[in-house]
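S.K.: Please work out how this folds:
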Amino acid sequence: MRLLIVEEEGDVRQSLALVLGEAGYLVETESDSTRALARATAEDFDLVLCGVKLAGMDGLTFLRRLRAEGGTALLIMLSPQGMEDAALAALREGAYDYVHLPFKPDEVIMAVRKAEERERLRREVEALRSNVGIGAVKELVVSQSRAMRDALELATRVARHHTPVLITGESGTGKEVVARAIHRMSPRSERNFTAVNCAAIPEQLLESELLGHSKGAFPGATTDHAGLFELADGGTLLLDEIADVSPGLQAKILRVLEEGQVRRLGGRDPRRIDVRVLAATGRPVEQAVERGEFRSDLYYRLNVVRLHIPPLRERPEDIPELLTHFARQMAQRLGHPVSITPAALAALTHHGWPGNVRELRNTLERAAVLGAGNPLDCKDFALSNGASSSHNGSSNGSLDLRSQVEAVERDAIQRALNAAKGNRRQAANLLGISLRTLFYKLRRLPAH
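M.R.: Residues are numbered from 1 along each chain as shown. Below you'll find the model as predicted:
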C-alpha cells in the first residue's frame, strides 16, 4: 500500500513516515500542499494522510480539490488538538477518518490498516462490478472489428476512474452507446446515467437546463429548478454535441468541472456535486478551438482521454453482426422472424452508410415493417448506392451469423488480395491481421 503524508510540521511528518515505514508501508512525504495535490492526482497513491492545517490551503480544501481533479486515494486527516471541528467537516465531505496530533503510533497504524482493508474490499467489489459491466456492455456494443475492439478496450480501462472522456465520431456511430458502456463498467453504475444533447436545446434554455435556476431568476422562473449537473450527482453526465455550446456557457461548464460545485442561475450559494462528466462531439473540435469557437481550456479539461468511434464504412466486418443483433430485437418487437438473404447481406455490406449504425438500424427496421416477406431480399432495401439491385449469390433462404461473417470475410480478403496484386503479406496488412491469420482464413473459408 502506497501512502503520501502531507504535513508542514517536519517532526510530525518524519515521525509518521518512520512509524508507517516500519509497519511495512511504502511512504512518501510532502510539505508543500500544492505539490502534494499535483502528485496525489497524477500518481497512484492508495492513501493520503493530510494535515488539517496546511500552508497554501487547509485540509478540507485539499480534499475538495483532490476529488474535483479526479484523485481516488482515501484520505485520513491529521488533526491537532482544538481543530476537531475541521476534521469532522472533512469527514462529512468524504474523508475516511482522522487521527489526533500528537499521534499515538498504535492508533495511526490501526487507522491505516482499517483504510487498507476498506480499499481491498472496494477493489474486490469494483472488479466484480466491472465483470458484470463488461457482460452488459456486450449487449450494448456489437462489434467484430479491431478498431472497435480497441475503442472498447480503452473504454474498459478508463471506466473505473473519474477522468473526463471526450468521445468523437460521426453522427450515428454510437457515441452515446459507448458512453453508456463506460457508465455501466464504472463504480457509478448503480446511479443515474444522464445524457443531454446540447445542440437540441435553445441556447437561452441550455444554461438553465444544465445549471438549474432559483425562483425569480428570470421571468417565468416561478419555482426552484435543479439542473442536470445536480440531478446527475453521484452518477454520470454525458454532454453530447459539446462543441455546439456557446463560449459563455463553456466557461461556466469549465468552472463546474474544476471546482466540483454548481451555482444555479439567480442563486447565491454553490452546491457541491460529484459527477463523472463525459463529452461527445461529431465536429472536428480541434478546428473549432483554432477558430476560437471552442475554449481551449475546456477542450484540454475534457480531452484527458480521447475515444474515437470510427465510421461504419471503415469497419464493414461489423455489419453482419449488427444486422443479426438488430434483427433479433425487431423480431421480438414485431412478433415475427426477421432475416436477410445472402444477396441482401452483400448489398448492405457494400453500402457506404453515411448515417452509420443509426442509418443501418433504421433501414433494417423499415424493411422489416414494409418488406414483402421473410427473408428480406434486395428489393426490400432502398439504398442510394445501388444496394437494392441484385448481387451474385442465392437470394433464397437466410444465413445464420457464422455464414454471414464468412461471406463478408471472404469478400474482404479477395478485395485486399486484388489491391495488393496477390501479395499476401501486403493483403494481411491491409486487413489489419497477421499473415498467419490470413493463411488460416484462406484455408478455412469455403471457396467463393
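S.K.: going forward, measure contacts between C-alpha atoms and count neighbours the same way
M.R.: Noted.
S.K.: How many neighbouring residues does residue 376 have?
M.R.: Counted with other CA atoms under 10 Å, residues neighbouring residue 376 total 26.
S.K.: how far away is the closest residue to it other than its chain neighbours from residue 11?
M.R.: Once flanking residues are discounted, residue 376 sits nearest to residue 340: 4.7 Å by CA to CA, 6 or more residues apart in numbering. According to CA to CA, to the nearest Å, residue 340 and residue 11 sit 76 Å apart.
S.K.: for residue 61, same thing?
M.R.: 23 Å.
S.K.: Looking only at neighbour counts, state which of the two leads.
M.R.: A direct count of neighbours by other CA under 10 Å for residue 61 and residue 11 places residue 61 higher, at 14 against 10.
S.K.: where's that one, which helix or strand?
M.R.: Here residue 61 sits within helix 59-68, counting by DSSP states H and E.
S.K.: so after that helix, what's the next helix or strand?
M.R.: Going down the chain from helix 59-68, the next helix or strand is strand 74-80, by DSSP H and E.
S.K.: So which elements touch the one helix or strand residue 210 maps to?
M.R.: Assigned by DSSP H and E, residue 210 belongs to helix 203-211. Counting contacts by 3 or more CA pairs under 8 Å, 6 or more residues apart in numbering; DSSP states H and E, helix 203-211 packs against helix 228-231.
S.K.: Touching the next helix or strand after the helix it packs on from outside, list them.
M.R.: Next in sequence after helix 228-231, counting helices and strands by DSSP H and E, comes strand 236-240. For strand 236-240, the surrounding residues in contact (CA atoms under 8 Å, 6 or more residues apart in numbering) are 176, 179, 183, 188, 191-199, 228-229, 275-281.
S.K.: Nearest residue to the middle of this structure?
M.R.: Residue closest to the average C-alpha location in the chain (CA atoms, centre = their mean): residue 182, at 4.0 Å.
S.K.: how much space is there between residue 337 and residue 326?
M.R.: According to CA to CA, residue 337 stands 12 Å off from residue 326.
S.K.: okay, those two: which has more neighbours?
M.R.: residue 326 (18 against 14).
S.K.: Tell me where the stretch 301-448 of the chain has helices.
M.R.: Assigned by DSSP state H, counting those that start in this stretch, the stretch 301-448 of the chain shows helices spanning 319-334, 342-350, 356-370, 401-419, 424-431, 435-444.
S.K.: Low-confidence regions, the stretch 1-150 of the chain specifically.
M.R.: 122-140 (pLDDT under 70).
S.K.: before we move on, the earlier item: next SSE after the helix holding residue 210?
M.R.: Using DSSP H and E, the helix or strand that follows helix 203-211 in sequence is strand 212-213.
S.K.: That next one: what's the following helix or strand?
M.R.: strand 225-226.
S.K.: which other residues reach the helix holding residue 210?
M.R.: So helix 203-211 is contacted by 198, 226-230, 245-246, 249, 262-265 (CA under 8 Å, 6+ apart).
S.K.: CSV please, covering those and showing distance to residue 161 and neighbour count.
M.R.: Formatted as CSV, those follow (distance: CA to CA, whole Å; neighbours: other CA atoms under 10 Å):
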residue, distance to residue 161, neighbour count
198, 24, 23
226, 26, 16
227, 24, 20
228, 21, 19
229, 18, 25
230, 20, 23
245, 26, 22
246, 28, 17
249, 26, 16
262, 21, 23
263, 25, 20
264, 27, 24
265, 30, 19
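S.K.: and which of these is nearest residue 158?
M.R.: Nearest to residue 158 among these is residue 229, at 21.0 Å by CA to CA.
S.K.: Can you add distance to residue 254 and give the helices of the stretch 301-448 of the chain back as TSV?
M.R.: Listed next are the helices of the stretch 301-448 of the chain as TSV, based on distance: least, CA to CA, whole Å:
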stretch	distance to residue 254
helix 319-334	37
helix 342-350	42
helix 356-370	31
helix 401-419	45
helix 424-431	41
helix 435-444	47
